[in-house]
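J.: coords please:
(one chain, ligands or ions: 1)
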Amino acid sequence: MYDFDIVIPRRGTASVKWDARPPFGKEDDEFIPLWVADMDFPAAPFILDAIRRRVEHGVFGYVAVPDSYYEAVIRWFSRRHGWNIEKDWIIYTTGVVPALSAVVKALSKPGEKVILQSPVYNCFFSSVRNNGCNILDVPLLYRDGTYTFDFEALERACADPQVKLMLLCNPHNPAGRVWTRGELARVGDIARRHGVTVVSDEIHCEIVMPGIRFTPFASVSPENQACCVTLCSPSKSFNIAGLKISNIVTDNAERRRLIDRAINDFEICDVNPFGVVALEAAYSEESDAWLEELNAYIWSNYLLLKERIKDFPVCRLEGTYLAWVDVSSLGIPSEEVEKRLYLEQKVWVNAGTMYGTEGFIRINLACPRSMLAEGIERVSCGLSQLTLNK
Ligand SMILES: Cc1ncc(COP(=O)(O)O)c(C=O)c1O
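T.: Presented below is the predicted three-dimensional model:
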């Protein structure tokens, strides 16, 4: 029903993915961008219609978020993910990264330690550092082409009296895991026993591969709900990240008061009219079919990558549109791999070190298949060259 093969030129449209350059790049480089988590697909037609209707109105003053916005969020998470939330629990803001930073500021003090589990989305690191806290990394365990939690290490880390907060990525960027109910229950149990609040970043929650089910951390049990703050947004799954809309959800009134204070300190409490209407359109029943086709398309792109990159292990993909490829056998820093692929093959991927782990590259699969096939060809050529030059 929807055309994900269509190639929409984006260069020159003020796109970070297409118009930014790495420090070692040149202004006029014509690379294939398989880096930042931004899809090359147009937003779904019903989202575009909602935005068009808002544009037609012609007046774009400050926004009072309507009840229908909250109702859309509540209905969506109840219907699709079996998680029942209440209007009062929702604090809207201008993006998941601003939300993450505000929550760290609100729920920890400078000098305290915040747990994260590398490899993980780079802004997890910066949100901790920028708020004067220290990172306590409890690396995930890499085994048989996928990742699991290190529960023993997590237990020890949570027992540290300087730890009040843990950042969780569910689904996990870049490891591609969609954590199971059992895993989330165990994390919740550890956190609760040590009085640690879990901040669960669930921005990738609609991008799940065949046979996989996403479980919101807070939906696992009343105990999980009580120790958690959830961050969510339609931005990744519907490719509307530029519209800057997201939600922070927690059932705890005191936590909400502190978070609300931080949101106001950061002055990120005003959202824009297009984000509001786009979210309402995205969180509607019309999205089910669109997401189903999108996820099937991403899965086929992943299979294409696996088929063409034979000499390097590609991690199992359960969720997100980000493939994590083990290039450790090259024995060179992943930043060097990124640079050589860019300069010699004109394809831009992300180095694993950006996510706190050496020996991997991250490849964005969310683009038309023709573009991905060309990108993979370039990655494959580049990796072969690097293997020969070892
Ligand atoms: C786990 C995770 N959280 C947050 C973001 C960005 O959120 P936002 O654009 O809403 O600030 C990303 C983007 O890649 C992400 O992967």
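
J.: residue 211 versus residue 323, what's the distance?
T.: 18 Å (CB to CB, to the nearest Å). In short, each C-beta sits where N, CA and C put it, glycine included.

J.: now stretch 264-283: buried residues?
T.: For stretch 264-283, burial by neighbour count (16 or more other CB atoms under 10 Å) applies to 266, 268, 271, 273-283.

J.: wait, which of those is closest to residue 190?
T.: residue 266 (29.9 Å; CB to CB).

J.: which one is that closest one nearest to, not counting chain neighbours?
T.: Closest residue to residue 266 apart from its sequence neighbours, by CB to CB, 6 or more residues apart in numbering: residue 102 at 5.5 Å.

J.: quick check: the one you found is in a helix.
T.: Yes: with DSSP: H, G, I helix; E, B strand; the rest coil as the criterion, residue 102 is located in a helix.

J.: ok, residue 323 and residue 211, which is more surrounded?
T.: Set residue 323 next to residue 211 and count neighbours by other CB atoms under 10 Å: residue 323 wins out with 24 against 7.

J.: surely that one is in contact with residue 315?
T.: Yes: with contact defined as CB atoms under 8 Å, residue 323 reaches residue 315; the gap is 7.1 Å.

J.: so what sits against both of those two?
T.: residue 176 (CB atoms under 8 Å, 6 or more residues apart in numbering).

J.: from the buried residues of stretch 264-283, which land in helices?
T.: 273-282 (DSSP state H).

J.: between these, which sits nearest the ligand?
T.: residue 275 (10.2 Å; CB to the nearest ligand atom).

J.: quick check: closest non-adjacent residue to the closest one.
T.: Using CB to CB, 6+ apart, the nearest residue to residue 275 is residue 245, at 3.1 Å.

J.: how about the buried residues of stretch 264-283 in a markdown table, adding distance to the ligand and pLDDT?
T.: Shown next, in a markdown table, are the buried residues of stretch 264-283 (distance: CB to the nearest ligand atom, whole Å; pLDDT from 0 to 100):
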| residue | distance to the ligand | pLDDT |
| --- | --- | --- |
| 266 | 13 | 91 |
| 268 | 10 | 90 |
| 271 | 12 | 96 |
| 273 | 17 | 98 |
| 274 | 14 | 98 |
| 275 | 10 | 98 |
| 276 | 15 | 98 |
| 277 | 17 | 98 |
| 278 | 13 | 98 |
| 279 | 12 | 98 |
| 280 | 17 | 98 |
| 281 | 17 | 98 |
| 282 | 13 | 98 |
| 283 | 15 | 98 |
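
J.: which pair of these spans the longest distance?
T.: 266 and 281 (27.3 Å).

J.: averaged pLDDT, the longest strand belonging to the chain. What do you get?
T.: Longest strand in the chain by number of residues, with DSSP state E as the criterion: strand 163-169. When pLDDT is averaged over strand 163-169, the result is 98.

J.: what packs against that strand?
T.: helix 96-107, strand 113-116, helix 122-130, helix 181-193, strand 197-201 (3 or more CB pairs under 8 Å, 6 or more residues apart in numbering; DSSP states H and E).

J.: okay, the ones you listed in a markdown table with mean pLDDT, mean neighbour count and distance to residue 296 next?
T.: As requested, the helices and strands packed on strand 163-169 are exported to a markdown table (pLDDT from 0 to 100; neighbours: other CB atoms under 10 Å; distance: least, CB to CB, whole Å):
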| stretch | mean pLDDT | mean neighbour count | distance to residue 296 |
| --- | --- | --- | --- |
| helix 96-107 | 97 | 24 | 25 |
| strand 113-116 | 98 | 24 | 32 |
| helix 122-130 | 98 | 19 | 29 |
| helix 181-193 | 98 | 19 | 24 |
| strand 197-201 | 98 | 25 | 25 |
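
J.: among those, which comes closest to the ligand?
T.: Of the helices and strands packed on strand 163-169, the one closest to the ligand (CB to the nearest ligand atom) turns out to be helix 96-107, at 3.4 Å.

J.: can you tell me what sits against that closest one?
T.: By CB under 8 Å, 6+ apart, helix 96-107 touches 93, 114, 123-124, 127-128, 130-131, 133, 164-165, 167, 197, 199, 201, 203, 229, 231-233, 235, 246-248, 255, 258-259, 261-263, 265-266, 268.

J.: around the ligand, which positions in the stretch 201-350 of the chain sit nearby?
T.: Contacts of the stretch 201-350 of the chain with the ligand, taken as CB under 6 Å from any ligand atom, map to 201, 203, 233, 235, 241, 246.

J.: repeat the analysis, applying 5 Å as the threshold.
T.: Applying CB under 5 Å from any ligand atom, one finds that the stretch 201-350 of the chain approaches the ligand through 201, 203, 235, 241, 246.

J.: now for those, which pair is the farthest apart?
T.: Checking those with CB to CB, the most distant pair is 201 and 241, at 13.9 Å.

J.: check which helix or strand residue 289 maps to.
T.: Assigned by DSSP states H and E, residue 289 belongs to helix 287-308.

J.: buried sites along that helix?
T.: Buried-residue list, helix 287-308, by 16+ other CB under 10 Å: 287, 290-291, 294-295, 297-299, 301-302, 305-306.

J.: surely residue 5 is within a strand?
T.: No: under the criterion used here (three-state DSSP), residue 5 is coil, not part of a strand.

J.: what pLDDT is listed against it?
T.: For residue 5, the predicted pLDDT is 98.

J.: again with residue 389
T.: 89.

J.: what is the burial count for residue 5?
T.: Residue 5: 11 neighbours (other CB under 10 Å).

J.: I'd guessed it sits against residue 369; true?
T.: Yes: shown here, residue 5 and residue 369 form a contact pair, counting by CB under 8 Å, at 6.2 Å.

J.: re the thing from before, average pLDDT for the helix holding residue 289?
T.: pLDDT averaged over helix 287-308 gives 98.
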